[in-house]
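Peer 1: no FASTA, just this:
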RNA sequence: CGGGGCGUAGCGCAGCCUGGUAGCGCAUCUGCUUUGGGAGCAGAGGGCCGGGGGUUCGAAUCCCUCCGCCCCGACCA
């Protein structure tokens, strides 16, 4: 049993000025962590306890589908050179030299190490499939560590890797992870959504991120209320309500001096933004310096989605065109750009957003300074374009599956599952013999979970739900499965022997019943003890105080904020039923 | 890497502009009184004022420089 009087739980009355997001303030104030450097934290007693509980859940679920390894964080450069990531990872990799001058790095992920094991040891299809995982410290030299434990340079990750003989096998490994992750996050008490993710530069075929909605997050995601559709905003699509076009009429040039923006033109011509064409003139630039002009036409009230457009162009970086670049393609300056008269070439790509397909009688720039055109119809007045979805969905638009209003919000990524393909087995030369004795490459998947992010998102979720006290203090409670303790027993007057003894007894009984108990036996005022108990986020509290004379104690459920009275002998049974122990 | 801010006791801050022996609140320690929502009184300890250099009789304060940390952006398989 843990007695608070003997523990190191350095709670603070005020949060350090550095801490901005709720979880960071809580972690420091409650004595879970202390900072050692930018993005580097000491995990103290409470922090370690919570992390260990999360790790235990992850391990239990992962053991159902895979085998645990423990691989070195210190890696020789060679394997990273083989995969091409020694240079590919760039500045984000911590690098060092040993005494002989050989290059080493600290692992940011373990595809290379895992693949090297598979390459050296796995010879036959009979040994496949394999799912290997580890729970390990990762190092990433983030350009900007921030938000406490949300973005750090050293953190704990559960990473697993699957090796299969073919894509059907990979599908199974992927699905096993999907299911295991849902069990893990559910057991950790999180509300999460699984979103379709952009597979990005990894070039894999399928990828899903597990996200928790919170203002502290760095990604934007869209999801439907029934949970059937969810996607990163970089990929999300939506059904659009049918909009009525303006009545048919002849193409007509109108003088629009000084009217450049969608709003100005709309007001000037007394039309709605959705009757207009927005022209986005962009330059796509590749790492090797190659560049291509990309002009995208969108509905006036829509926003360009740069990620969608970038992946359409083929993984280049996008930036707005400079005025000279605009002048080289159009006959007018920004504000009067339009679709008519442009021709695609290997220097210019023209994209019509899907939302404009089939629309008629639109208003667009005339490619002539101070003029716009009325009654422009794609496919009639201009033809040279590719149609693609390159717009960003907005809050409330109907989701593409059930047509329900999309919710868009910031979110934290707590896990990611990814069909990797052959990238590493190919570059590192992993081969096995198939049934026909033919050499084939195993196909891989990789799957990650950010352990600390489970704790921080649980704190963020609860803090957001409970809101601030009247005095502006944060309030929260952790899910019992990941709280450092399940129950705290608050002896309101420690120097009253009957209260102290009752506390000891209930603590012993709870422990015997399998609970993780913290007995607050400090000689402090009741107020201090209550505040501290709240601060460390323990979900249940037993108050031992005045009512003990009547044989009663209070049980505070901090998840629902309810207080109930129980006989001294009944409180254990009460908690057992609450926990289903 | 671009922009902004900050570094003074464990935490939160004042002092700096206008140079003259470093302060407040909380926390800590001792004693007494207290004890249902961060108690009261009395006393005490705790500082390379981020580092280095300079100006000056004298620097937390002015100047130069380096370092660290935070925020916004870029970046983030």
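Peer 2: Looks like it came in fine. Bear in mind the structure is a predicted one, so any value in this text is a computation, not a measurement.

Peer 1: what kind of secondary structure is residue A:482 in?
Peer 2: coil (DSSP: H, G, I helix; E, B strand; the rest coil).

Peer 1: What about it, how many residues nearby?
Peer 2: 24 (other CB atoms under 10 Å). C-beta coordinates here come from the backbone N, C-alpha and C atoms, glycine included.

Peer 1: can you tell me which residues contact it?
Peer 2: A:50, A:53, A:54, A:57, A:188, A:189, A:454, A:455, A:458 (CB atoms under 8 Å, 6 or more residues apart in numbering).

Peer 1: try it again with 10 Å
Peer 2: By CB atoms under 10 Å, 6 or more residues apart in numbering, residue A:482 lies in contact with A:49-54, A:56-57, A:187-190, A:454-455, A:458-459, A:537, A:539.

Peer 1: Kindly report the same for residue A:142.
Peer 2: A:38, A:39, A:91, A:92, A:151, A:152, A:153, A:155.

Peer 1: Checking my notes, it in a strand, right?
Peer 2: No - applying three-state DSSP, one finds residue A:142 to be coil, outside a strand.

Peer 1: Distance check, it against residue A:536.
Peer 2: 28 Å (CB to CB, to the nearest Å).

Peer 1: ok and the residue in the stretch 301-450 of chain A nearest RNA strand B?
Peer 2: residue A:448 (4.5 Å; CB to the nearest atom of the strand).

Peer 1: sec struct for that residue, please.
Peer 2: Applying three-state DSSP: residue A:448 is strand.

Peer 1: what number of residues lie near it?
Peer 2: Residue A:448 has 23 neighbours, counted by other CB under 10 Å.

Peer 1: hey, where'd the strands end up in the stretch 51-200 of chain A?
Peer 2: Using DSSP state E, counting those that start in this stretch, the strands assigned to the stretch 51-200 of chain A run over residues A:67-68, A:74-76, A:95-97, A:103-106, A:130-139, A:154-164, A:193-196.

Peer 1: for residue A:47, phi and psi?
Peer 2: phi -60, psi -50 (degrees, to the nearest 10).

Peer 1: List the contacts of the closest residue to it other than its chain neighbours.
Peer 2: In space, not counting the residues next to it along the chain, residue A:47 is nearest to residue A:32; the distance is 3.7 Å by CB to CB, 6 or more residues apart in numbering. The neighbours of residue A:32, taking CB under 10 Å, 6+ apart as the test, are A:9-11, A:23, A:26, A:41-51, A:148-149, A:455, A:459, A:484, A:536-537.

Peer 1: all helices of chain A, in order?
Peer 2: For chain A, applying DSSP state H gives helices covering A:22-29, A:45-63, A:77-83, A:85-88, A:111-121, A:167-187, A:262-269, A:306-313, A:323-327, A:423-427, A:451-466, A:497-512, A:526-535, A:571-579.

Peer 1: Run the chain-centre distance for the first one.
Peer 2: Helix A:22-29 has its C-alpha centroid displaced from the chain centroid by 19 Å (CA atoms, centre = their mean, to the nearest Å).

Peer 1: That helix - contacts with which helices or strands?
Peer 2: strand A:33-37, strand A:40-43, helix A:45-63, helix A:451-466 (3 or more CB pairs under 10 Å, 6 or more residues apart in numbering; DSSP states H and E).

Peer 1: now the residue of chain A found nearest RNA strand B: how far from residue A:9?
Peer 2: Proximity to RNA strand B, evaluated over chain A using CB to the nearest atom of the strand, is greatest for residue A:545 at 1.8 Å. Distance check for residue A:545 against residue A:9: by CB to CB, it reads 22 Å.

Peer 1: Around RNA strand B, pick out the residues from the stretch 351-500 of chain A.
Peer 2: A:416, A:418, A:446, A:448, A:473, A:492, A:493, A:494, A:495 (CB under 7 Å from any atom of the strand).
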